[in-house]
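[1] I'll drop the sequence and a predicted model, then ask my questions.
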Amino acid sequence: MNVPPMKHYLQFNDLSADEYNYLFSRAALIKGKFKSYEKYHPLADRTLAMIFEKASTRTRVSFEAGMYQLGGSVVHLTTGDSQLGRAEPIEDSARVISRMTDLVMIRTYEQSKIERFAAHSRVPVINGLTNEFHPCQILADLFTYIEHRGSIRGKVVAWVGDGNNMANTWLQAAELLDFTVHVSTPSGYEIDHAVAGVQHGSSSCKVFKDPMQACAGADLVTTDVWTSMGYEAENEARKKAFADWCVDRDMMAVAQPDALFMHCLPAHRGEEVEAEVIDGPQSVVWDEAENRMHVQKALMEYLLLGRVD
Ligand code: CP
Ligand code: NVA
């Protein structure tokens, strides 16, 4: 069998613009098969191990349902019900799990942890969210933008809120796929360009103090929770600091008239977004959530079988 060279997907930069173009067209095709109930089992007899050290709804359901739809099966592990929670070294876990499965998805804390796992894995490893990055989500967000509006090249994405894993990943995507991110965060919660691996002053990222200015003329307005998983102790301080970073009707009004609104979910209405925006006509959050499954099916197929067109 023609086995592609092993590739991990640990951050957005791990694939090229050309590979993303392939994945977007492949995801559309795979989505079409799903919508027309066409059986498609290219990953028959393949097993995906899913390791969750943090909670999840979308990531778990999209990977698990997606793998079954491709003919494969899944093993679900958490910190609490595996030896990971009893201090078995991540390197040993990687050696063992990757001898019994074909693909691994991990949601964990530090990016360094998933990198250590990948360094000792015999099979491809996918980042299902770390403190630093959430590449599968941005893959779905870009696919959703393209479905609704066509190419994102040259467009403006406004990021309103925390300089977190989602923001870092948007920065990487903008640099790779030639669009611009307008970032507005409260002071003390800025993006760390070094973490994102993007140069200060890069033309793909413009920083604004005022979230209204960040949204002005944007083609897509997007935000995320004020307190990400793992930062719960900062919740009260964050609620005060982020009070003016709530995407509301006024922010949407200064964006392009056909601007979309996205949120990776879960959302807190009345905090990072007003209900009338997330539940309003410009919001595509449900397509965005569904598309996690379609793009990840394309990604899993690509990592295990290479290009199949
Ligand atoms: N957006 C996202 O990753 O959702 P879950 O935390 O529910 O997986
Ligand atoms: N930034 C959020 C995303 C949740 C999908 C978190 O890390 O908790």
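    Alright, I've got the coordinates. Numbering: from 1, shown residues only. Ligands and ions are numbered 1, 2, ... in the order given.

[2] Can you name the residues of the stretch 201-309 of the chain that neighbour ligand 1?
    264-265 (CB under 6 Å from any ligand atom). C-beta: built from backbone N, CA, C; applies to glycine.

[3] how about the strands of the stretch 201-309 of the chain, start to end?
    205-207, 220-223, 260-263 (DSSP state E, counting those that start in this stretch).

[4] out of these, deepest packed?
    Stretch with highest mean neighbour count among these: strand 220-223 (a mean of 28; mean count of other CB atoms under 10 Å).

[5] which residues are contacting that one?
    Outside strand 220-223, the residues within contact range by CB atoms under 8 Å, 6 or more residues apart in numbering are 141, 145, 152, 155-161, 166, 170, 215, 245, 247, 251-252, 255, 259-263, 272-273.

[6] Out of the residues you listed, name the ones that lie in helices.
    141, 145, 166, 170, 215, 251-252 (DSSP state H).

[7] can you narrow those residues to ones near ligand 2?
    Restricting these to those near ligand 2 - CB under 6 Å from any ligand atom - leaves residue 166.

[8] Look up the closest residue to the one residue in the stretch 201-309 of the chain that gets nearest to ligand 1, ignoring the ones flanking it.
    At 3.9 Å from ligand 1, residue 264 is the closest residue in the stretch 201-309 of the chain, using CB to the nearest ligand atom. For residue 264, ignoring the flanking residues on the chain, the nearest one in space by CB to CB, 6 or more residues apart in numbering is residue 137 at 4.8 Å.

[9] show me what contacts that neighbour?
    Residue 137 neighbours (CB under 8 Å, 6+ apart): 129, 166, 169, 264, 292.

[10] can I get these in TSV with pLDDT?
    As requested, those are arranged in TSV below (pLDDT from 0 to 100):
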residue	pLDDT
129	98
166	98
169	98
264	98
292	99
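
[11] now, among these, which is nearest to residue 111?
    Closest approach to residue 111 among the contacts of residue 137 (CB to CB): residue 129, at 10.3 Å.

[12] Average pLDDT for the helix or strand where residue 51 lies, rounded please.
    For residue 51, the host element (DSSP states H and E) is strand 47-52. For strand 47-52, the mean per-residue pLDDT is 98.

[13] Stretch 87-98 too?
    Across stretch 87-98, pLDDT averages out at 97.

[14] Tell me the residues of the stretch 1-150 of the chain that contact ligand 2?
    Checking the stretch 1-150 of the chain against ligand 2 by CB under 6 Å from any ligand atom, the hits are residue 129.

[15] so what's residue 71 up against?
    40-46.

[16] ok, of those residues, which come out buried?
    Neighbour counting by 16 or more other CB atoms under 10 Å classes 43, 46 among the contacts of residue 71 as buried.

[17] which pair in the contacts of residue 71 spans the largest distance?
    Maximum distance among these (CB to CB): 14.7 Å, for 40 and 45.

[18] Quick one: residues contacting the residue of the stretch 201-309 of the chain closest to ligand 1.
    Residue 264 touches 58, 134, 137, 141, 166, 224, 288, counting by CB under 8 Å, 6+ apart.

[19] so residue 210 makes contact with residue 182?
    No. When contacts are counted by CB atoms under 8 Å, residue 210 is not listed as touching residue 182 (10.6 Å).

[20] Those two: who's more crowded?
    For residue 210 versus residue 182, neighbours defined as other CB atoms under 10 Å are more numerous around residue 182 (23 against 10).
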